[in-house]
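Asker: Build the 3D model from these lines:
(2 chains)
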Amino acid sequence: MTERHVVIVGTGAAGISVLENLRRCGFTGSVTMVGDEETTPYDRPPLSKRFLTGEWEPERLHLRSAEALAELAATWLLGRRASSLDAQARRVFLDDGSAVSYDELVVCTGVRSRRLPLSDQVDGAHVLRTVNDALSLRDGLDDRSELLIVGGGFLGAETAAVASSLGTRVTLLSSTVIPLAAALGEDVAGLLADRHRSNGVHLEQGRAQGVTVSPEGTASGITLDDGRHLPAEKILMSVGSHPNVEWLETSGIPISDGIACDEHGGVVPGVWAAGDVAAWWRPEADRHVRLEHRTNATEHGMNVARAILDQPALPPSVPYVWSDQYDLKIQIHGLTAGADSFEVIEGDVADGRFTAVYGRQGRICAALGVNMMRPLRTLRPHVAEQTPWTELDRLKPALSLS
Amino acid sequence: MRITIDEDRCCAAGQCVLAAPEVFDQRDDDGIVVLLQEEPPESEYENTRNAAALCPAAAIVVEE
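Answerer: Numbers count the residues shown, from 1 in each chain, chains lettered A, B, ... in the order given. A predicted model of the protein is given here:
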């Protein structure tokens, strides 16, 4: 059993987590890591935070030291992309024409940034997903530059905060009046919008259609569906992402939004999936859920490693994200999507220091904290247990005793 | 087992405290990790390994 060969396609946070946890659980067989980027595993959240400011250089992004990677004893095939899969014969084909046989395959191919139409290969039209994307975006981001950010989600909002701190004149285009209103509700989104404005970020509402290009072939702006044109030479498109599943289309593997997996990451015999690309069955939600969360990638990796080795899964976890914007450190346990209720537990939204809970269909579905890290942790069990909303009044005094 | 913390990397997620509350805590003001035991007892090894693995900023290094 221990002489099996595991192939992990994708060398991001999920891929390294699978490798590390296989070894931690005693796996002594061989492991091959296939990654389309040239670099060993690195961390992506800092790309829109301290890497974008220039405070961190690429070396600081590495998730593990060279010594730690060497101890994990894997074969690394970097700069190569998986191009197709024969799940019957258990072989992965790579873009250099070679093939790798496996006993167990873990697909951790992640997502790629969605781009606006007509923006491919256009100088000045950026996305932010890889370290190379971030290097390109931060080049020339200073007090003489302007940046148009298309998409008011977390990535766009964080980038607006960083760029404005560097003195860049920033326009943040969002499809809603207040960015993030759909995700966080108007109270919290309103606080963030105020921070954008007071830091000189211009908020614009509209729906982007495509990028316009100058006679020199560089970006000159974007068109909106109401006929307007916003001129810009530097544009960040933060308009969502696509799961990297096209290489599996001929494999017969079930694909809808990402790869449909069972609750341990299993897809078909010998194939597993983890991280952003993987939609795991979540029994408590009674559906497949695909999360593009940093902690989710690690947890998937830990559980796939355990499942491959027939070891018990970790206890169920609670989704978690964080976002740094200006002086605000935002943390969310659970999922705010579809929430129909919101209540502040402690502090005041206007002060930028509070905890709050979101409810859906009469139960707590998420807890959010701004600049209140420790008090937020006391709310997490109620997200995990989906405490009834009607118990909130009774619980509130105890929850706000921080 | 010996734990080292890279405070500069810490993103104050608190995942370590959830995984190993005997070994890690967070500062009140900014949520940055506080190491309670540099060399935890054997009973805490598994929790500590989980905490290091779960840290979303790779700020915890465990040497064994």
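Asker: which residues are contacting the helix or strand where A:Val344 lies?
Answerer: Counting by DSSP states H and E, the element that carries A:Val344 is strand A:341-348. For strand A:341-348, contacts defined as Cβ atoms under 8 Å, 6 or more residues apart in numbering or on different chains pick out A:185, A:187-188, A:353-360, A:367, A:370, A:372, A:375, A:379, A:389, A:392, A:396, A:399-400, A:402. Heads up, the C-betas are built off the backbone N, CA and C, glycines and all.
Asker: ok, of those, which come out buried?
Answerer: For the contacts of strand A:341-348, a neighbour count by 16 or more other Cβ atoms under 10 Å in any protein chain shown gives the buried set as A:185, A:188, A:353-360, A:367, A:370, A:372, A:375, A:379, A:389, A:392, A:399.
Asker: A:Val6 against A:Val34, yeah?
Answerer: No: under the criterion of Cβ atoms under 8 Å, A:Val6 is not in contact with A:Val34, lying 11.4 Å apart.
Asker: the strands in chain B, which residues?
Answerer: Assigned strands in chain B, in chain order: B:2-5, B:24-26, B:33-35, B:60-63 (criterion: DSSP state E).
Asker: near chain B, which residues of chain A show up?
Answerer: Taking Cβ under 8 Å from any Cβ of the partner chain, the part of chain A that reaches chain B is made up of A:17, A:20-21, A:24, A:43, A:45, A:63-64, A:294-295, A:298-299, A:302, A:314, A:320, A:322, A:324, A:329, A:331, A:373-374, A:376-377, A:380.
Asker: Please, a ChimeraX command that selects the buried ones among these?
Answerer: Here is the ChimeraX command that selects only those of the residues of chain A next to chain B that count as buried (16+ other Cβ under 10 Å):
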select /A:17,20,21,24,43,45,63,64,294,295,298,299,302,320,322,324,329,331,373,374,376,377,380
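Asker: Just the ones in strands from the residues of chain A next to chain B, please.
Answerer: A:Tyr320, A:Trp322, A:Asp324, A:Lys329, A:Gln331.
Asker: so how many other residues sit close to the residue lying closest to the third one once chain neighbours are set aside?
Answerer: Just to be clear, that refers to A:Asp324. For A:Asp324, ignoring the flanking residues on the chain, the nearest one in space by Cβ to Cβ, 6 or more residues apart in numbering or on different chains is A:Lys49 at 5.4 Å. Using other Cβ atoms under 10 Å in any protein chain shown, A:Lys49 has 19 neighbouring residues.
Asker: Also A:Pro316?
Answerer: Using other Cβ under 10 Å, A:Pro316 is surrounded by 11 other residues.
Asker: that's a helix at it, yeah?
Answerer: No: read with DSSP: H, G, I helix; E, B strand; the rest coil, A:Pro316 is coil and lies in no helix.
Asker: give me every residue that touches the residue in the stretch 301-402 of chain A positioned nearest to chain B.
Answerer: For the stretch 301-402 of chain A, the residue closest to chain B is A:Met373, as judged by Cβ to the nearest Cβ, at 2.6 Å. With contact taken as Cβ under 8 Å, 6+ apart, A:Met373 is in contact with A:Lys329, A:Gln331, B:Ala12, B:Gly14, B:Gln26, B:Asp30, B:Gly31.
Asker: 6 Å instead?
Answerer: A:Met373 is in contact with B:Ala12, B:Gly14, B:Gln26, B:Gly31, counting by Cβ atoms under 6 Å, 6 or more residues apart in numbering or on different chains.
Asker: now the last one, nearest residue through space, not along the chain?
Answerer: By the measure of Cβ to Cβ, 6+ apart, the closest residue to B:Gly31 outside its immediate chain neighbours is A:Met373, 2.6 Å from it.
Asker: pLDDT wise, what is that neighbour at?
Answerer: In the prediction, the pLDDT value recorded for A:Met373 is 92.
Asker: got it, and B:Phe24?
Answerer: Confidence score, pLDDT, at B:Phe24: 98.
Asker: Would you check that A:Ala163 makes contact with A:Leu147?
Answerer: Yes: counting by Cβ atoms under 6 Å, A:Ala163 does reach A:Leu147; the two are 5.0 Å apart.
Asker: which residues are common contacts for the two?
Answerer: Common contacts of A:Ala163 and A:Leu147 (Cβ under 6 Å, 6+ apart): A:Val170.
Asker: So out of everything in chain B, what residue is nearest chain A?
Answerer: For chain B, Cβ to the nearest Cβ, closest residue to chain A: B:Gly31, 2.6 Å.
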